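1. Here you go, sequence then predicted model.
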Amino acid sequence: MTDTDMNRFDPTRYWRKLANVPKEHLKGFAKQGGFKGTDIKPQWRIQVMTEVFGPCGLGWTMTKPEFTMQGTTCHCTVGVMIREPGGEWSQAVWGVGGTVSGRSDDELFKMSYTDALGNALVKLGVASDIYMGYFDGSKYVRQTTDEDAPEAEEGVQPKKSAYQAKKEGYDEEFKRIRAGIFTIEKSGSMEDLILFWKSNYPKIKAMPEGWVKELTEEKDRLKAEFEAATRKPLSSSKQQGFDPDTGEVQ
């Protein structure tokens, strides 16, 4: 199987090209009530779709938008379709958006359409890093590279950025380890938790701090439950506690 054939079977081949938004196309915003977020320039979405699929109408296109008014809110629904060179159009990927009245009718419909289009495009991966939390409002962790990381001490695996961890499949490891803790909670014991944590700790240690914190909190919660219930007493050779250097749940 050639590299081209392999690429066709990669379900994230477009997602990875569309996910990252250059910082110059981002700006922060704040709404009443204290909500803060990151806004993406609509024209950038069109640009990146054109870079990946070709001109609008040839490599990608939209359905006719449909508008409905509900009270003072204008709702819009629109579909996006893509196709590879020489291929057929995909099924529509639908997006829904809305804008509250208070502007001219012309702007109201335009903004609702822009909102719906962005909602559809994110399903293809466009600007997905923003929605997955890889931009913290001041810096873009996706732009962190191995070359940017400080040298690690000999024998110590360095912490990974959230992007690098995801790139190397650590997000799947995170999900697997978290699911393992929940499985032990349903049908395991303290000894199962000790063995599971210790065997996975080298990978846990290399994950981003937020991921490590979440897994550690789940482990500590379950450890406390086991201790309270004394579901399965430990043998005298087992010590209780946690050694951060070895990953032991003691």
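-> Received, thanks.
2. neighbours around residue 223, how many?
-> 19 (other C-beta atoms under 10 Å). The way it works is simple: take the backbone N, C-alpha and C, and place the C-beta from them, glycine included.
3. Could I get the phi/psi values of it?
-> Here is the backbone geometry of residue 223 (degrees, to the nearest 10): phi -60, psi -40.
4. This protein: helices as residue ranges?
-> 3-8, 15-18, 42-53, 105-121, 128-131, 162-167, 170-187, 190-205, 209-229 (DSSP state H).
5. Switch the ones you listed over to JSON lines; also include mean pLDDT.
-> Shown next, in JSON lines, are the helices of the chain (pLDDT from 0 to 100):
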{"stretch": "helix 3-8", "mean pLDDT": "48"}
{"stretch": "helix 15-18", "mean pLDDT": "87"}
{"stretch": "helix 42-53", "mean pLDDT": "92"}
{"stretch": "helix 105-121", "mean pLDDT": "89"}
{"stretch": "helix 128-131", "mean pLDDT": "78"}
{"stretch": "helix 162-167", "mean pLDDT": "54"}
{"stretch": "helix 170-187", "mean pLDDT": "83"}
{"stretch": "helix 190-205", "mean pLDDT": "88"}
{"stretch": "helix 209-229", "mean pLDDT": "83"}
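6. the longest strand in this structure is where?
-> Determined from DSSP state E, the single longest strand within the chain is strand 73-82.
7. Output it as PDB - backbone C-alpha positions only.
-> What follows is strand 73-82 as a C-alpha-only set of coordinates in PDB (Å, rounded to 0.1, in the frame of the first residue of the first chain):
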ATOM      1  CA  THR A  73     -33.500  35.800  17.100                       C
ATOM      2  CA  CYS A  74     -32.700  35.000  13.500                       C
ATOM      3  CA  HIS A  75     -31.700  31.300  13.000                       C
ATOM      4  CA  CYS A  76     -29.800  30.000  10.000                       C
ATOM      5  CA  THR A  77     -29.100  26.500   8.800                       C
ATOM      6  CA  VAL A  78     -26.600  25.800   6.000                       C
ATOM      7  CA  GLY A  79     -24.700  22.700   4.800                       C
ATOM      8  CA  VAL A  80     -21.200  22.400   3.500                       C
ATOM      9  CA  MET A  81     -20.000  19.800   1.000                       C
ATOM     10  CA  ILE A  82     -16.500  18.900  -0.100                       C
END
